[in-house]
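**Q** What follows is a predicted structure for the sequence shown.
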Amino acid sequence: DLALVDTVLVGGGFVGARAIWSSKQLKTAVLTRAEASAVGLTAIGGLIKPITQSEDTALVIHFGPEGELVNAPIAPGLYEPVPVISTKVIKFGETVKVQGPGVLAFDGERERVLRKGQTAKLQVKRNGPHVVDVHATLTKAAQMGLFLTK
C-alpha cells in the first residue's frame, strides 16, 4: 500500500467509515511531514516536532490515554486534545512495525484490517509518485502572466 503524507494504525477491527474523526482511536502514526500550520494528523506532529517534505526523515508518533495532551486541529474547525505518548524521528528506509488489532489508514482512509497479533512493516521512501507543489506552480504561472486574457 502507498501513502503520500501519513500512515496510521487506528483502533477497531473494521474499515467502516473510512475517515478518522476521533483522536481516541489513534495508536501509531508515521508522518512524511509534520506541519504546525496544517490540519489533520500532520498538524499533531508539526506542533511537537516540525518536519518539512524536503527532509529525508519522518516522524513516528505513539498515542495512548496516558500521553501528554496536544491541542491539535485534527479536522477543519475541530481542535481536540490528542494524547501523545512518544515521538521519534526516523530516517528514510527505517522500518516501523505496528501490531494489530487495528486498521491501517493511508492518508486518512482506513484500508487494511490487522487482526490481533498481525504485524505490518512501514517504511518511508522517496520513490513514490511525483507531487505537484500547487502553490508554487500557480504562483509561477501568475508571474509569467499565463492567466491574463486579451
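**A** On my side now, so go ahead.
**Q** Might one say that Pro81 is in contact with Gly67?
**A** No. Using CB atoms under 8 Å, Pro81 is not in contact with Gly67; the gap is 9.9 Å. Every C-beta, even on glycine, is put in place using the N, C-alpha and C of the backbone.
**Q** more neighbours, those two?
**A** Taking Pro81 and Gly67 together and counting by other CB atoms under 10 Å, Gly67 has the greater number of neighbours (16 against 12).
**Q** What's the separation between that one and Pro129?
**A** Separation of Gly67 from Pro129 (CB to CB, to the nearest Å) stands at 33 Å.
**Q** try Thr87
**A** Thr87 is 27 Å from Pro129, by CB to CB.
**Q** of those two, who's got more company?
**A** Taking neighbours as other CB under 10 Å, Thr87 and Pro129 compare with Thr87 leading, 17 against 6.
**Q** ok, that one touching Val60?
**A** Yes. Counting by CB under 8 Å, Thr87 does reach Val60; the two are 6.8 Å apart.
**Q** got a list of contacts for the longest helix along the chain?
**A** As assigned by DSSP state H, the longest helix anywhere in the chain is helix 134-143. Identification of contacts with helix 134-143 by CB atoms under 8 Å, 6 or more residues apart in numbering yields Phe147.
**Q** Describe which strands the top strand by length along the chain pairs with in its sheet and in which direction.
**A** Taking DSSP state E as the criterion, the chain has its longest strand at strand 57-75. Strand pairing for strand 57-75, determined by DSSP bridges: strand 26-31 (antiparallel), strand 78-91 (antiparallel).
**Q** Quick one: closest of these to Asp133.
**A** Comparison of these against Asp133 by CB to CB identifies strand 26-31 as nearest, at 18.3 Å.
**Q** And the next helix or strand past that closest one?
**A** Going down the chain from strand 26-31, the next helix or strand is helix 41-46, by DSSP states H and E.
**Q** quick one on the thing from earlier: what comes up buried for the longest strand of the chain?
**A** 57-63, 67, 70, 72-75 (16 or more other CB atoms under 10 Å).
**Q** Could you verify my assumption that Leu69 touches Ile85?
**A** No. Counting by CB under 8 Å, Leu69 does not reach Ile85; the two are 11.2 Å apart.
**Q** still on that earlier bit, need the residues that contact the longest strand of the chain.
**A** 20-21, 23, 26-32, 34, 38-41, 43-45, 47-49, 51, 79-92, 96, 124.
**Q** I appreciate the help and will end here.
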